[in-house]
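>>> The following comprises the amino acid sequence and a computationally predicted model.
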There are 2 protein chains.
Amino acid sequence: MDLTPLRSYAESLDSQDPLASFRARFVIADPQLIYLDGNSLGRMTLASQARAQHLLDQEWGRDLIRGWNDNWWEAPVRVGEKIAQLVGAAAGQVIACDTVSINLFKLSASALALCSGRTRIVTDTLNFPSDLYILQGLVRMLGNRHVILRIGSQDGDITPDLGALAAAIDENTALVTLSHVTFKSGYLYDMAAVTEIAHRKGALVLWDLSHSAGALPVGLDACNADFAIGCTYKYLNGGPGAPAFLYVRKELQEQVFSPICGWWGQNAPFAFGLDYTPAPGMRRFLTGSQPILSLLAMEAALDPVLEAGMLALRAKSVRLSEYLINLSDVLLVPLGFSLGSPRSADQRGSHISLRHKEGYRINRALIEQMQLLPDFREPDNLRLGLTPLYTSFGEVWEGVDRIRRVVEEKRYAQYPLDRLTVT
Amino acid sequence: MDLTPLRSYAESLDSQDPLASFRARFVIADPQLIYLDGNSLGRMTLASQARAQHLLDQEWGRDLIRGWNDNWWEAPVRVGEKIAQLVGAAAGQVIACDTVSINLFKLSASALALCSGRTRIVTDTLNFPSDLYILQGLVRMLGNRHVILRIGSQDGDITPDLGALAAAIDENTALVTLSHVTFKSGYLYDMAAVTEIAHRKGALVLWDLSHSAGALPVGLDACNADFAIGCTYKYLNGGPGAPAFLYVRKELQEQVFSPICGWWGQNAPFAFGLDYTPAPGMRRFLTGSQPILSLLAMEAALDPVLEAGMLALRAKSVRLSEYLINLSDVLLVPLGFSLGSPRSADQRGSHISLRHKEGYRINRALIEQMQLLPDFREPDNLRLGLTPLYTSFGEVWEGVDRIRRVVEEKRYAQYPLDRLTVT
């Protein structure tokens, strides 16, 4: 097959890309490396690098403790307001802190306390396992009075059974919690529809935005979501393990008592009073001192996302995804791949899973021989993240072509079948 | 008074200081600035600065997701083992993660679950308020079945009432939790004695080491402590909000179920199984992704502490403190100051509180006019942190002399009496 027209098409798509210039805002240390794992760890912006540098040299190094007054103490609120603009939340509802897991613990405990007469928690098997673990630990801590209902089969679903989900949400349901975009197949839930179904039964809804924040427009306020959590090191490019965020709908904030009460969430933290009184608004969801180096490097990475705008980013993400799926249909499906993500863009986030029975070894070959970084998720998913802020159509072309060569040339065959630990 | 001999004495102490060379391992951006707040935020080591730089340029920027395999994933365990050496813990009992508050929540919840037949929690009014808040939130979450007994008066105690403490610990006590060194007066608890009293009644003991780790030798194993938590941004110089640590005695680890169960604490995190099984050992106390930039900058700061050794650090800390108290007796007590810390070194950590009715305004004057950074704690404590790794005797002299001048020259009188928010 003559591949020239496919490659040329990528060039023409890049030349028409209104967001192409944003790639220059990122450190591209190795231009030969094709990076399709921004859904695990986003690339580093020049702004984050400079911000961290300034923090070290001018703030921690020179201002010392005074840095807290000047810039650091307010960072969770300030950063939260920036993220709010990316997830469709009016001011005063998002704060940046802690980790996704801890924020899920805080908010699901809060939700169960708000709906104390109800004992059912509804989620699905497509949810990120860590979210399920947090729910399990919480239920155990609360004396196993709650039951977690997990919709879906044990493994391998690409899309959820929406009928079963709706049927599971009943008058005894306290909380429905799902990943807005699922981590394996990239399935995108209809946030408005599911939230409405839950609200009709009087249940609260908590969305995990880890794979959607920065990847597509999210309308938390418009969908009447109650709670949300999300991470910042994927499509928001915040850096490895950068602090997470959480959202609580305005009307719920004063009713909610977060179970992890630290001095950062205290009404008057510097009075050092001995009894806890929650701060008004979102501050009550803070606990202790936040990792400022990670937090401020992350803050700087938000600006390019805000500048590009979520609508433009989504438009490019869909174009990148459609191009990748088309290339896969032509070049990879004949080699044994199948699409592990929904075919309709309306049901998809910004990563594409390609399934292949040799997926694990193909992934290794790509990393070790081909200068391509995808990632692999059990049992057979090669997961390709498309970050519209810096992924080019040329990279998508080159990535698919390298996958093709690995399989055609059986470059994976040299690896053992047993798994190594790969993140 | 001729102050020359007092100043000369500082010079002779510095010239005999076996740890004097460690000061060169720190960034000293402004040699005129006297920094006596290392108990709030330690100075930045050159090593932390270089480590963060490397992480940005070579790891996040170049290795991208591969950084997780090479170096980052194991960091909580690796860093925990370094801290273990500083707090008297054999290997396999300390892990670095999250914040002090969150670690206290995890461990006190674990302790209450282990002692499920008992309902009393004993602490004191000298404890850091955030620790009290965490306990209050936990008790509320668990349905107010527990009672927190808080030994001491509402405010102003320098030392605790040890008799009252011992009397409060009874057969119904699940947990005794205290700050090893208290944040305001710097009182140092006898860890072995209190732990033994608690154990005699069958209670578990949790020590907050935030003001002792890196400041003095801690013997967690030798004292049979059950649990400990601590922060790394004070005497360990980890950087603003750097991740905290926690300790669980070996024999307890497999009995304990941490309530916040994330994938980092899961037995096989990359199998992405849907049911939580805790990892063996300390990993089960991990939750989600840690802030790597903050964590690794902190790791680098531990090396000089390990090199200096806790015995040598303690010896210098005591010498610094005694010198400061002597200077204060001669120069500051006549100006209305009183010692807000125990006079005996055996009962003291590595900071000294000096009380003065104008403490708040004196603190402001020192910061804004005198290039001296202490800190202030309500109602009247000027708190002076002495970090033996970099504080010199000359700085102590100069610090006390600047305090003297502020009061003698009434430089504080220009400030209003109402408080600003100062961290």
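Perfect, I can see it now.

>>> Surely A:E171 and A:K201 touch.
Yes: contact criterion C-beta atoms under 8 Å: A:E171 and A:K201 qualify, at 5.7 Å. Placement of C-beta: from N, CA and C, glycine included.

>>> So which bits of stretch A:199-219 are buried?
For stretch A:199-219, the neighbour count (16 or more other C-beta atoms under 10 Å in any protein chain shown) marks A:199, A:201, A:203-216, A:218 as buried.

>>> Which members of those residues occur in strands, if any?
When those are checked against strands (DSSP state E), the matches are A:204-208.

>>> from the residues you listed, which is closest to B:A222?
Proximity of those to B:A222 (C-beta to C-beta) peaks at A:D208, which lies at 44.1 Å.

>>> how close does the nearest residue to the closest one once chain neighbours are set aside sit to B:A52?
Computed as C-beta to C-beta, 6 or more residues apart in numbering or on different chains, the closest residue to A:D208 that is not its neighbour in sequence is A:S179, at 4.5 Å. The gap separating A:S179 from B:A52 is 32 Å, by C-beta to C-beta, to the nearest Å.

>>> for A:D157, same thing?
Distance from A:D157 to B:A52, by C-beta to C-beta: 42 Å.

>>> A:F285 too?
Separation of A:F285 from B:A52 (C-beta to C-beta) stands at 28 Å.

>>> Also A:A24?
Distance, A:A24 to B:A52, using C-beta to C-beta: 24 Å.

>>> A:G80 now?
24 Å.

>>> Between A:A24 and B:A52, which is the more surrounded one?
Counted by other C-beta atoms under 10 Å in any protein chain shown, A:A24 and B:A52 do not tie: B:A52 has more neighbours, with 25 against 9.

>>> Which pLDDT value does the model give A:V422?
Note on A:V422: pLDDT of 44.

>>> Same question for A:I403.
98.

>>> The helix or strand containing it near chain B anywhere?
For A:I403, the element it lies in under DSSP states H and E is helix A:393-408. No: using C-beta under 8 Å from any C-beta of the partner chain, helix A:393-408 stays clear of chain B, coming no nearer than 13.3 Å.

>>> Contacts for that helix, please.
A:3, A:6-7, A:9-11, A:13-14, A:17, A:34-36, A:319-320, A:323-324, A:327-328, A:331-332, A:335-337, A:354, A:356, A:358, A:362, A:365-366, A:369-372, A:374, A:382, A:384, A:386, A:411-412 (C-beta atoms under 8 Å, 6 or more residues apart in numbering or on different chains).

>>> Kindly give a single ChimeraX line that selects the buried subset of the residues you listed.
Those of the contacts of helix A:393-408 that count as buried under 16+ other C-beta under 10 Å are selected in ChimeraX with:
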select /A:6,10,13,14,17,34,35,36,319,320,323,324,327,328,331,332,337,354,356,358,362,365,366,370,372,374,382,384,386,411,412
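
>>> Intersect the contacts of helix A:393-408 with the contacts of chain B.
A:Y35.

>>> Among the contacts of helix A:393-408, name the ones in strands.
Among the contacts of helix A:393-408, the members found in strands (DSSP E) are A:34-35, A:354, A:372, A:382, A:384.
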